[in-house]
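A.B. asks: next come a sequence and a model predicted from it.
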Amino acid sequence: MNTRTIVRLAFIALTLVLGTVMNAQEKFTLSGTISDKNNNETLIGVNVYIVELNTGIATNEYGFYSITLPKGDYTLQVSYVGYQTSEEKIALTSNIKKNISIAGDSEQLDEIIVETDKKAANIRKPEMSTNKLTIAEIKKMPAVLGEVDVLKSILQLPGVTNSGEGASGFNVRGGSADQNLILLDEATVFNSSHLFGFFSVFNSDVIKDLKLYKGGIPARFGGRVSSVLDIYQKEGNSNGFHMNGGIGVVSSRLLAEGPIDKGNGSFIIAGRGSYAHLFLKLADNKNVAYFYDLNTKLSYKLNPNNNLFLSGYFGRDVFSINDIFSNTYGNTLVNLRWNHLFSDQLFSNMSLIYSDYYYGLNIKLQGLDWASGIQNYNFKYDLKHYINDKFKLSYGVNAVYYDFNPGTVDPSDGNSGVNHMQLAKKYAFEPAIYIQAENDLTKKLSVSYGLRYSMFYRLGEQTINTYANNQAVVFNEALQIYEKATPTGTESFNKGETIASFDNLEPRAAVAYQLTENQSLKASYNRMSQYIHLISNTSSITPLDVWAPSDHFIKPQILDQVALGYFRNFKNDNYSIEIESFYKTVKNRIDYIDGADLIANEAIEQVILNGKARSYGLEVLFRKSSGKFTGFVSYTLSRSEQQTPGRTPTETGINGGDWYRTGYDKLHNLSVTGNYEFNKKWSFGGIFALQTGKPVTYPNGQYVYGDIVVPTYENRNSSSLTAYHHLDISATYIPKPNKKKGWQGEWVFSIYNIYNRANAASISFRQNVDTGANEASRLSIFGIIPSVTYNFKF
């Protein structure tokens with residue numbers, strides 16, 4: 001059967017499905033947006049439920065809903081966690097456009113309490129391997145140095161770990177940090193941390209919604225093979241002007257929002273900065289370490305069918321040690337979006353996105369300035385077709401143009417002996433199209449299925465090396481080691497000329513079968529492709545790491561993942577439990593030869609080998625979601641491994657060609673999070689975290705070569721650091737909890753690592769100068785850290 005025949009059959013099948021779902025009795029559509037009554041902020045994931053038909057829908061990322069039903073009289077119920085449930089009678093005798101405002105259960109400092117799905121809806125939907133945290137939960141979690149941190153909060157979820165204290169990024173289901181697609185208002189964030197992992201780049205005051213996809217990832221997402229963290233910013237209060245902020249020991253923040261055109265347009269701007277380095281100067285310490293960032297968003301309703309959004313983010317970190325060196329790094333994001341409603345059943349969003357990550361380094365002793373980074377220009381056009389209450393289609397296109405700067409070297413002053421040097425810039429283009437359907441086949445069986453077709457073009461202008469047998473790495477059989485190959489020549493490509501190209505079909509599927517009203521079984525499969533790679537031999541992202549596109553030598557990573565889960569709500573949905581198992585494989589996971597030099601390497605292909613990875617595990621999440629005491633317990637049992645076998649029978653491969661644990665493998669990961677509302681004035685929170693120690697490779701012997709002592713090592717990552725654990729607590733005090741207008745404030749007291757656990761970030765080995773004996777040295781970053789923050793709004 002040829003491709004043309006397959007395409008014809010697919011369109012015939014789609015036509016039959018559409019005809020089946022649309023040819024019932026006379027039907028009409030109820031549609032509109034749902035927003036917060038207080039500030040007119042649209043709400044994501046609100047449940048719109050039709051009582052008589054036991055069916056419903058959730059609002060999309062822009063607060064829009066649409067449901068098509070047979071003609072009749074219905075009871076419309078709108079529910080959202082943290083808001084009062086509204087209910088009213090609807091006579092559906094024609095198409096109705098109904099915008100709904102709902103009121104919060106209580107007016108606190110956290111105006112929007114976001115949870116994207118009611119528990120009962122989670123049972124029915126074919127969505128799994130997806131986690132949400134409410135903004136209220138995040139704000140109650142203790143954090144390092146008193147700063148509320150989104151990334152630190154999602155680390156409490158099952159299947160999510162980090163590489164240790166002070167480490168940037170996070171790892172999902174045994175994947176590396178660069179395999180996560182992190183989006184802020186749809187713009188890609190390449191480095192998600194401030195101060196080398198101490199803080200995240202996300203200011204929680206400006207966040208409206210966040211959702212982490214670990215598996216069963218919808219077809220509209222692509223480009224990474226581990227997870228998607230999808231974060232949306234608030235739009236701003238279009239009813240009135242308000243400000244809020246916080247003053248802490250290490251950092252402070254301030255947010256202002258208000259109407260541009262009351263009821264139709266709004267703005268929001270939020271700034272944040274740290275100032276701990278000022279205390280260092282008081283102690284005559286010339287070291288500097290601080291960050292600042294700015295979030296902005298403008299929203300305007302042109303008419304009932306058209307909305308415009310302009311959002312942006314700018315952040316920088318500055319770090320220097322005396323007069324030795326200084327560096328600056330950070331993200332810049334801009335996104336212009338246009339929402340258009342073609343009809344009450346067809347919603348569209350078009351986005352033009354610019355994303356930039358910059359890293360600058362000044363080495364004063366050498367008089368050298370170094371700059372590197374990555375820019376992308378992204379066009380997205382997504383449509384969602386609400387055909388009826390049982391069937392929805394999503395489809396769209398996406399095109400990304402990449403501009404990679406591996407490094408630019410310039411003299412920092414006129415006396416420097418450094419000459420200008422530009423490592424060869426790299427360019428790439430990544431277009432994709434997708435379609436996805438959500439279908440309730442019966443009252444108990446729901447499915448979601450889709451397909452993404454992704455393409456990747458590695459583009460000139462560039463001159464690249466050529467090698468014998470197209471192998472940039474050769475194996476020295478005499479020494480049993482891998483070495484850089486000697487180029488046999490070069491090949492030049494003009495600007496825009498294709499150097500290498502790839503394309504992949506990425507099917508996605510998920511199914512949910514409702515066993516009873518309160519429990520269900522779910523399964524999912526997804527394939528994803530990743531065409532850009534982080535060149536790094538550390539287990540966490542560092543600012544100096546460089547991104548590189550796929551080419552003849554660095555192949556695209558291809559993921560296949562399956563997951564199976566059991567979900568249950570009980571005690572009137574006050575408790576829930578989710579149990580999931582997963583297995584995933586990744587082709588073409590890059591590895592490095594021993595002694596690989598990754599910094600300022602113009603021929604990076606000479607130190608890279610393509611291997612494979614796998615991970616598998618079991619995740620458990622138990623929640624208590626109502627009452628004075630709320631919280632959750634998450635546990636993950638998993639394994640993450642990598643293998644780089646020899647390319648020929650005579651090659652040993654990496655680690656003898658055997659599977660070995662990745663640098664982010666954690667066999668056990670336990671987190672217990674609890675919040676207790678003592679009264680209206682006082683509430684308390686706590687987190688206990690326990691993880692298996694990070695994999696390490698220890699020396700197991702030594703020999704003397706001339707006058708040099710040379711260590712020998714065990715197999716790669718065959719040992720572990722000591723177990724990682726700590727307990728954090730917090731207390732929140734609201735002096736005037738009943739005050740709803742004017743100045744409102746609260747105090748947040750927290751203690752990180754209350755029993756002062758010295759968790760090992762790394763262990764190094766050295767020779768004692770006095771005795772000559774070998775000794776181990778453990779590096780720990782954080783001990784006990786008390787903090788206090790005053791939050792306010794008016």
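C.D. replies: On my side now, so go ahead. Numbers count the residues shown, from 1 in each chain.

A.B. asks: what ranges do the helices span in the protein?
C.D. replies: 3-22, 119-124, 135-140, 150-154, 277-282 (DSSP state H).

A.B. asks: lowest average pLDDT across those helices?
C.D. replies: When the helices of the chain are compared by mean pLDDT, helix 3-22 comes last with a mean of 47.

A.B. asks: for the stretch 201-350 of the chain, which segments are assigned as strands?
C.D. replies: Taking DSSP state E, counting those that start in this stretch as the criterion, the stretch 201-350 of the chain carries its strands at 207-213, 227-233, 242-248, 251-261, 265-274, 288-303, 306-321, 325-341, 346-363.

A.B. asks: and the gap between residue 683 and residue 205?
C.D. replies: Residue 683 sits 19 Å away from residue 205, going by CB to CB, to the nearest Å. C-betas here are computed from N, CA, C, even on glycine.

A.B. asks: looking at those two now, which is surrounded by more residues?
C.D. replies: Legend: neighbour count by other CB atoms under 10 Å for residue 683 and residue 205, higher for residue 205 (25 against 19).

A.B. asks: contact partners for the more buried one?
C.D. replies: 244, 245, 246, 253, 255, 270 (CB atoms under 8 Å, 6 or more residues apart in numbering).

A.B. asks: can you count the residues close to residue 314?
C.D. replies: 16.

A.B. asks: isn't residue 239 right up against residue 36?
C.D. replies: No - contact criterion CB atoms under 8 Å: residue 239 and residue 36 do not qualify, at 9.4 Å.

A.B. asks: neighbour count for these two, which is higher?
C.D. replies: A count of neighbours by other CB under 10 Å puts residue 36 above the other of residue 239 and residue 36, at 21 against 16.

A.B. asks: so that one makes contact with residue 101?
C.D. replies: Yes - at 7.0 Å, residue 36 counts as touching residue 101 under the criterion of CB under 8 Å.

A.B. asks: gap between the residue nearest in space to the middle of the chain and residue 202?
C.D. replies: In the chain, the centroid-proximal residue (CA atoms, centre = their mean) is residue 229; its distance is 2.9 Å. Per CB to CB, residue 229 is found 9 Å from residue 202.

A.B. asks: next one: residue 470
C.D. replies: 43 Å.

A.B. asks: okay, the two: which has more neighbours?
C.D. replies: Comparing residue 470 with residue 202 by neighbour count (other CB under 10 Å), the higher total belongs to residue 202, at 29 against 10.

A.B. asks: so which bits of stretch 731-739 are buried?
C.D. replies: 731, 732, 734, 737 (16 or more other CB atoms under 10 Å).

A.B. asks: could the residues you listed go into JSON lines alongside distance to residue 446 and pLDDT?
C.D. replies: Formatted as JSON lines, the buried residues of stretch 731-739 follow (distance: CB to CB, whole Å; pLDDT from 0 to 100):
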{"residue": "731", "distance to residue 446": "43", "pLDDT": "90"}
{"residue": "732", "distance to residue 446": "39", "pLDDT": "90"}
{"residue": "734", "distance to residue 446": "42", "pLDDT": "91"}
{"residue": "737", "distance to residue 446": "42", "pLDDT": "87"}
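
A.B. asks: turn those residues into JSON lines, including distance to residue 71.
C.D. replies: Converted to JSON lines, the buried residues of stretch 731-739 look like this (distance: CB to CB, whole Å):
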{"residue": "731", "distance to residue 71": "56"}
{"residue": "732", "distance to residue 71": "51"}
{"residue": "734", "distance to residue 71": "50"}
{"residue": "737", "distance to residue 71": "48"}
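
A.B. asks: can you tell me which of these is nearest residue 762?
C.D. replies: Nearest to residue 762 among the buried residues of stretch 731-739: residue 731, at 33.1 Å, using CB to CB.

A.B. asks: and the pLDDT at the closest residue to the closest one other than its chain neighbours?
C.D. replies: Spatial nearest neighbour of residue 731, excluding adjacent residues (CB to CB, 6 or more residues apart in numbering): residue 749 at 4.7 Å. For residue 749, the pLDDT comes out at 90.

A.B. asks: from residue 388, how far out is residue 749?
C.D. replies: 52 Å.

A.B. asks: ok, those two, which is more surrounded?
C.D. replies: Each of residue 749 and residue 388 has its neighbours counted (other CB under 10 Å); residue 388 has more, 19 against 16.

A.B. asks: low-confidence ranges in the stretch 601-750 of the chain?
C.D. replies: Scanning the stretch 601-750 of the chain for pLDDT under 70 picks out nothing.

A.B. asks: quick check: the gap between the most far-flung residue of the chain relative to its centre and residue 654.
C.D. replies: In the chain, the residue that sits farthest from the middle, by CA atoms, centre = their mean, is residue 706; the gap is 50.5 Å. Distance from residue 706 to residue 654, counting by CB to CB: 28 Å.

A.B. asks: for residue 625, same thing?
C.D. replies: Counting by CB to CB - residue 625 and residue 654 are separated by 46 Å.

A.B. asks: try residue 45
C.D. replies: 44 Å.

A.B. asks: so what's residue 150 up against?
C.D. replies: By CB under 8 Å, 6+ apart, residue 150 lies in contact with 138, 200, 202, 204, 207, 210, 231.

A.B. asks: once you drop chain neighbours, what's closest to it?
C.D. replies: Spatial nearest neighbour of residue 150, chain neighbours left out: residue 202 (4.3 Å); criterion: CB to CB, 6+ apart.

A.B. asks: surely that neighbour meets residue 184?
C.D. replies: Yes - using CB under 8 Å, residue 202 is in contact with residue 184, at 7.1 Å.

A.B. asks: name the residues contacting each of those two.
C.D. replies: Joint contacts of residue 202 and residue 184 (CB under 8 Å, 6+ apart) are residue 231.

A.B. asks: buried residues of stretch 617-624, list them for me.
C.D. replies: For stretch 617-624, by 16+ other CB under 10 Å, it's 617, 619, 621, 622, 623, 624.

A.B. asks: stretch 696-709 too?
C.D. replies: Going by neighbour count (16+ other CB under 10 Å), the buried part of stretch 696-709 is 696, 697.

A.B. asks: now do it: distance to the chain's middle.
C.D. replies: How far stretch 696-709 lies from its chain's middle: 41 Å, per CA atoms, centre = their mean, to the nearest Å.

A.B. asks: sounds good, over and out.
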